[in-house]
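**Student:** Build me a model:
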Amino acid sequence: MRAKNILYSLAAGFVAISISIAPAYAKDNFFKRSANAVKEFFSDDKKKDDSTPDKEKKEEKANPEKSGTTTTQPESEKIDDKSVTELYDLSFEENKALPKLGNQRAKIREYQQIQAKKLLSSGQNIETTRNGEVIIATVAANDLFLPNDTTLRPTAAKVLRPYMEYLKEPDMYRMLLLMHSDNTGSEAYTNHLTTVRVSAVFDWIKDNAACSDYVIPYAMGADDPLPNTPNNSVDNREKNRRLEIYLVPGKSMIRKSSRGQLR
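**Tutor:** From the prediction side, this is the model:
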């Protein structure tokens with residue numbers, strides 16, 4: 001199997017995509033943000049801390065309640081997870097498995113079932129995985145793109161907008177975007193097609209979501225047809241051309257569950 005790797009640069013508001021094909025045995029994340037842009041973004045807090053006068057730092061250390069900081073984290077809120085920058089280097093399967101849920105598992109499953117039912121009632125194609133912890137929404141590629149095209153249809157916004165509800169709060173959800181194709185054309189063609197298409201979806205979400213830091217796109221090519229749906233008919237090929245949206249619980253959801261605030 002050959003995995004596709006794309007460098008996704010967000011530096012200075014400029015997006016550039018570079019495509020390369022490299023051998024691997026697992027599908028990698030095909031979008032990695034510019035190291036400089038990410039470093040600058042996530043170093044803001046450190047810069048603020050470095051600019052704090054020494055006297056204020058000493059007072060905060062001596063009196064954490066006054067400074068609004070805490071010295072310890074409750075055991076129930078310790079989360080086995082990666083940083084946001086590390087998440088972009090993980091494979092789809094690795095990201096789907098994170099973060100690990102502890103005692104909050106039952107509450108989060110219940111919450112996710114409620115969200116899944118809401119999406120189902122609005123006409124979305126919904127299922128769950130990871131024992132009910134993760135929601136999967138499947139969107140037909142034909143609802144987003146014209147055949148062989150990589151520009152979103154004008155009506156695509158109506159299809160994608162319901163999912164912006166889940167990107168209002170940082171790390172309430174991780175949204176994994178998996179773009180699939182049928183096997184029409186060469187491997188290089190289907191890899192390129194799904195790469196540019198998922199980039200178009202990612203860009204739309206980035207422009208329309210309150211917080212897109214935890215949206216992670218993957219181009220799957222034609223490697224993963226639906227179960228029992230071989231690419232041997234027009235109908236099956238149409239079904240396999242799809243976008244899958246995985247709604248994975250984030251750290252904010254886990255913390256809310258620990259505090260009894262998940263509603």
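**Student:** ok but T184 is inside a strand, no?
**Tutor:** No - the assignment for T184, made by DSSP: H, G, I helix; E, B strand; the rest coil, is coil rather than a strand.
**Student:** if I pick it, what's in contact with it?
**Tutor:** T190, N231, R237 (Cβ atoms under 8 Å, 6 or more residues apart in numbering). Where C-beta positions appear, they are placed from N, C-alpha and C, glycine not excepted.
**Student:** repeat that with 7 Å
**Tutor:** T184 is in contact with R237, counting by Cβ atoms under 7 Å, 6 or more residues apart in numbering.
**Student:** quick one, phi/psi of it?
**Tutor:** phi -70, psi 120 (degrees, to the nearest 10).
**Student:** Check the gap between it and R241 for me.
**Tutor:** T184 is 9 Å from R241, where distance means Cβ to Cβ, to the nearest Å.
**Student:** Then A97?
**Tutor:** Following Cβ to Cβ, the distance that separates A97 from R241 is 27 Å.
**Student:** again with L247
**Tutor:** 21 Å.
**Student:** And A97 and R241? Which one has more around it.
**Tutor:** Comparing A97 with R241 by other Cβ atoms under 10 Å, the one with more neighbours is R241, at 24 against 13.
**Student:** Tell me the spatial nearest neighbour of that one, not counting adjacent residues.
**Tutor:** Spatial nearest neighbour of R241, excluding adjacent residues (Cβ to Cβ, 6 or more residues apart in numbering): A141 at 3.9 Å.
**Student:** Looks like that neighbour contacts R242 (just checking).
**Tutor:** Yes - between A141 and R242 there is a contact under Cβ atoms under 7 Å: 5.6 Å.
**Student:** Which residue ranges of this protein form helices?
**Tutor:** 35-42, 44-50, 54-62, 64-67, 84-87, 92-96, 105-121, 156-160, 187-208, 234-240, 251-258 (DSSP state H).
**Student:** out of those helices, which comes closest to L167?
**Tutor:** Each of the helices of the chain has some distance to L167 by Cβ to Cβ; the shortest is helix 187-208, at 7.2 Å.
**Student:** rewinding a little: state the number of residues packed around the residue nearest to R241.
**Tutor:** 22.
**Student:** per-residue pLDDT, it?
**Tutor:** With respect to pLDDT, A141 has a value of 98.
**Student:** show me where pLDDT drops low in the stretch 1-150 of the chain?
**Tutor:** For the stretch 1-150 of the chain, applying pLDDT under 70 flags the ranges 1-80.
**Student:** burial measure for the nearest residue to V159 once chain neighbours are set aside, as a count.
**Tutor:** Of all residues beyond its chain neighbours, the one nearest V159 is D143 (5.1 Å), with distances taken as Cβ to Cβ, 6+ apart. Neighbour count for D143, taken as other Cβ under 10 Å: 14.
**Student:** correct me, but D143 touches L160?
**Tutor:** No - in terms of Cβ under 7 Å, D143 does not count as a neighbour of L160; the distance is 9.5 Å.
**Student:** Same question for stretch 97-113: list its buried residues.
**Tutor:** For stretch 97-113, burial by neighbour count (16 or more other Cβ atoms under 10 Å) applies to L98, P99, L101, Q104, R105, K107, I108, R109, Y111, Q112.
**Student:** Make JSON lines out of the residues you listed and add distance to K206.
**Tutor:** Formatted as JSON lines, the buried residues of stretch 97-113 follow (distance: Cβ to Cβ, whole Å):
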{"residue": "L98", "distance to K206": "22"}
{"residue": "P99", "distance to K206": "23"}
{"residue": "L101", "distance to K206": "28"}
{"residue": "Q104", "distance to K206": "29"}
{"residue": "R105", "distance to K206": "31"}
{"residue": "K107", "distance to K206": "31"}
{"residue": "I108", "distance to K206": "26"}
{"residue": "R109", "distance to K206": "30"}
{"residue": "Y111", "distance to K206": "26"}
{"residue": "Q112", "distance to K206": "25"}
